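Q: how would this look folded up:
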Amino acid sequence: MEKTKKLFSANIREISLVIVIILISAFVQVRSGGGFLTGENITDMLLETSVLAITAVGMMMVILTGGIDLSIGAVMALGAMAGTTVLKNSVLSENPVSNIWIVLIAVGVGLICGLINGLLISKLKILPIIATLGMMNIYRGITYLIANGSWVKQAEMGPKFLSLATGKTLGIYNLLLIAIIVYLVAFFFSEYTKTGRKIYAVGNSEESARVSGIKTDRIITLAYVILGGIAGLGGILYVCKYGVAQGETGTGYEMNVIAACVLGGVSISGGKGKVAGVLLGAILLGMLNNAMPLIQVSSFWQEAIRGGIILVSIVINALIARNVEKKDLRRRSI
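A: Just a heads-up that it's a prediction; the model follows:
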C-alpha cells in the first residue's frame, strides 16, 4: 500500500494528464457524434502531433537546465531549407542525394545552431531568452538567404524523400516510428545516464552542481546542442509531411513546443520534468488542435481556450510542486 502511494505521488502529474485526456476525449466523442475516437482520426491526430512531440523532447532538455530556446522554429526552418535545397539541386542534376545525407545535413545544421546558442549562454553568460531571441532572427534571415525568395516544392523533393514521413515500416507510419525511437532514447538518457542526471542537477541548482564537480557550462551547452539536433530532425520531418520548404517554416512553433513541455509538467524554473509527461503534454495539445474544429469551436476562441488550458496547467503544476515541498519539509521535521 505504501509503495502504491509513493508511486502515485511520484507520477501524479502524468496520472492527472491521462485523466484529463480521457475526460476531454469522452466529451469530444459525444459532441462530435462519435467522429473523434475513430481509428482514422486517431491516426491523423498522432501524425499531426509527432513532430511537435519530437521537438518537445529537445526543449525539455533545455528547460530542465533552467533555460529556454526561442529559436527552435527558426532552426527547424534553416535545417530543413539547407537539406531540401541540396536535395533540389541534386535532383535537377539527375544525381539525387541519399535521404540519409539530407537528414544528416538538417541535423548537422541544427547541432551547429544549438552549439552557438549554448556557448552564448554558458560562456558569455547571456540570458537564454535574449540570446535565443537574437539568434532566432539570424537563423531565420539565413533561411531566407538560402531560399532566395523561392520554395522547395513537393515535386522538387521526390516521392522517395517524402516517404520519410508518409511511408510505412512494418505497418507503422515512419513518422510515428521515429517519434517512438526518439522517446525511447530520451527516456533512457534522462533516467539511466550520468549526463541525464547532471542536466537535472544543473536545473535544480547550478551553483550546487558546480560545487559538486559538475562542469555546468558543458552540460548547459550540451542541452542546447541536443535541442538543435532534434530541431533539425523535426524540421526535415515537418517538410516531408507537408511537402514544402519555405522561409516561414516553423514560425511560432516555439510557443507550441514550450506549451507541450509546460502541459507535461516540466518546471519552467528547471530541474523537474519527465519524458512521459512531455509526451502526454504533446498529445493533449495535439488532441485540442484536432478536437476544437471537429466540435465547431470558433477559430476566434481556439487560441483563447489553448491559452487558458496552458495557464491552468501552470497553476496546477505550481500547486502540486508546493504540496510536494510541504510534505518533504514535514518528513524532515519528523
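Q: got any ranges where this structure has weak pLDDT?
A: By pLDDT under 70, the low-scoring segments of the chain are 1-10, 92, 317-318, 320-321, 324-325, 327-334.
Q: dump the residue contacts of residue 62.
A: Residues near residue 62 by CB atoms under 8 Å, 6 or more residues apart in numbering: 68, 69, 128, 223, 224, 226, 227. In this view, the C-beta of every residue, glycine as well, is placed from N, C-alpha and C.
Q: any idea whether the second one is helix, strand or coil?
A: Spelled out, it's residue 69. coil (DSSP: H, G, I helix; E, B strand; the rest coil).
Q: from what I see, it and residue 225 are in contact.
A: No - if you go by CB atoms under 8 Å, residue 69 and residue 225 don't touch, sitting 11.1 Å apart.
Q: relative to residue 192, which of the contacts of residue 62 is nearest.
A: Residue 192 lies nearest to residue 226 out of the contacts of residue 62, by CB to CB, at 16.0 Å.
Q: contact partners for the closest one?
A: Residue 226 neighbours (CB under 8 Å, 6+ apart): 58, 61, 62, 114.
Q: let me know the distance separating residue 97 from residue 206.
A: 42 Å (CB to CB, to the nearest Å).
Q: oh, that last question was meant for residue 244, not what I typed.
A: In terms of CB to CB, residue 244 sits 41 Å off from residue 206.
Q: tell me which of the two has more neighbours.
A: residue 206 (19 against 16; other CB atoms under 10 Å).
Q: list the buried ones in the strand or helix carrying residue 155?
A: Element membership for residue 155 (DSSP states H and E) is helix 154-157. For helix 154-157, the neighbour count (16 or more other CB atoms under 10 Å) marks 154, 156, 157 as buried.
Q: from the chain's centre, how far out does stretch 232-252 sit?
A: 14 Å (CA atoms, centre = their mean, to the nearest Å).
Q: same question for stretch 236-254.
A: 14 Å.
Q: what of stretch 197-205?
A: So, by CA atoms, centre = their mean, the centroid of stretch 197-205 is 19 Å from its chain's centroid.
Q: what's in contact with it?
A: Contacts for stretch 197-205 (CB under 8 Å, 6+ apart): 61, 63-66, 190, 208-209, 212, 214, 216, 219-220, 222-223, 267, 269-272.
Q: thanks a lot, see you next time.
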